[in-house]
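In: Show me the folded form of this:
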Amino acid sequence: MDAYDEEPEALSGPDGPAGARRAGGPGTPGEDTGPENPGPGETGGDGAAEPTPRAGLAALSPRYRLVAGGALAVVAAVAAVHLGMVFLSLAPANTVSKRHVKAVEGWVYPEFEQNWKLFAPNPLQQNVAVQVRAQVRSEGGDLRTTGWTDLSAQDGAAIDGNLLPSHTQQNELRRAWDFLGTTHGTDNRPVGVRGALSEQYVRRIVVLRLRRDEDIDRAGTIERVQVRSRTVNVTPPEWSREKVSGDPAYRVLPWWTVTGDETEAGAR
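Out: Residues are numbered from 1 along each chain as shown. Predicted coordinates:
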């Protein structure tokens, strides 16, 4: 007999006869049994894949994403306008800055004012203090002249250590004095209508400041005021060979009579 007939179980294995493995057996060639462990995003079996959670703007609803995008666009637009305005105010005069000078000055002054130019730095090298004294009429009719009050020192004391000083403390008195200086001649007389306006502006400021002094307020009514500036050169650094005078220079203006509307607004 043939060998196949004599030994029928010779080619048989645990899975049955040769060429016929039991269904479900491991490693069966040609059968896709599927991965043993489900990959990322797969749950295996009949479970549905879980979506990856979104973060940032994508986690917002469409309506809130639209609002957030609009807010970012507005902030970016304002920042671009601000940088452009500041650049035009500091850059040398050009066609664009001359054509839009009113818009640039209206945006920059006084909040973002600088005392130097971007391409030609020239910081102040002097300390200028504005001082005032007054003639006060008492209730008994006596006229008394007060001592000099340093208004710039008062502003400096209010700014020192103040994280958010007001623009009034930083700029009001300084700009008023600069305005007066550019509209007056060397003889301290006003030049044109703007000169008279600058005198009135400074006079109102100093009267209002003097009335904050309790001693002057109790003394009587302010009738006249006199303003002066005290200018001292900033001391150069030790390594500099520059020599400057340390003596103060004074610019004393004539006495100004306080008018009725100024007395009502600032005095009594």
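
In: quick one: the strands in the stretch 51-200 of the chain?
Out: Ranges of strands in the stretch 51-200 of the chain, per DSSP state E, counting those that start in this stretch, are 126-137, 143-145, 149-150.

In: any chance of the ones you listed in JSON lines, with mean pLDDT, mean neighbour count and distance to residue 192 too?
Out: From N, CA and C alone the C-beta is placed, and that goes for glycine too. Formatted as JSON lines, the strands of the stretch 51-200 of the chain follow (pLDDT from 0 to 100; neighbours: other C-beta atoms under 10 Å; distance: least, C-beta to C-beta, whole Å):
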{"stretch": "strand 126-137", "mean pLDDT": "95", "mean neighbour count": "19", "distance to residue 192": "22"}
{"stretch": "strand 143-145", "mean pLDDT": "94", "mean neighbour count": "11", "distance to residue 192": "31"}
{"stretch": "strand 149-150", "mean pLDDT": "96", "mean neighbour count": "16", "distance to residue 192": "29"}
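
In: So which of those strands is nearest residue 251?
Out: strand 126-137 (9.2 Å; C-beta to C-beta).

In: Look at the closest residue to residue 201 other than its chain neighbours and say how many residues are nearby.
Out: Once flanking residues are discounted, residue 201 sits nearest to residue 176: 5.4 Å by C-beta to C-beta, 6 or more residues apart in numbering. Counted with other C-beta atoms under 10 Å, residues neighbouring residue 176 total 19.

In: Would you agree residue 176 is in contact with residue 204?
Out: No - taking contacts as C-beta atoms under 8 Å, residue 176 lies outside contact range of residue 204: 9.0 Å.

In: Quick check, pLDDT for the residue nearest to the spatial centre of the chain.
Out: By C-alpha atoms, centre = their mean, the chain has its centre lying nearest to residue 112, at 8.1 Å. Residue 112 carries a pLDDT value of 76.

In: about what we covered before: contacting residues for the residue nearest to residue 201?
Out: Residue 176 sits next to 198, 201, 202, 205 when contact means C-beta atoms under 8 Å, 6 or more residues apart in numbering.

In: which one among those gets closest to residue 160?
Out: residue 205 (20.7 Å).

In: Model confidence at the closest one, what's the number?
Out: At residue 205, pLDDT is 95.

In: Distance check, it against residue 92.
Out: The gap separating residue 205 from residue 92 is 33 Å, by C-beta to C-beta, to the nearest Å.

In: Low-confidence ranges, the stretch 1-150 of the chain, go.
Out: For the stretch 1-150 of the chain, the stretches with pLDDT under 70 are 1-51, 56-57, 114-122.

In: can you map out the helices along it?
Out: Counting by DSSP state H, counting those that start in this stretch, the stretch 1-150 of the chain has helices at residues 3-6, 62-90, 95-99, 101-108.

In: okay, the ones you listed in CSV with mean neighbour count and distance to residue 188 next?
Out: Below are the helices of the stretch 1-150 of the chain laid out as CSV (neighbours: other C-beta atoms under 10 Å; distance: least, C-beta to C-beta, whole Å):
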stretch, mean neighbour count, distance to residue 188
helix 3-6, 8, 135
helix 62-90, 12, 30
helix 95-99, 12, 33
helix 101-108, 14, 27
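
In: Fine, thanks again, bye for now.
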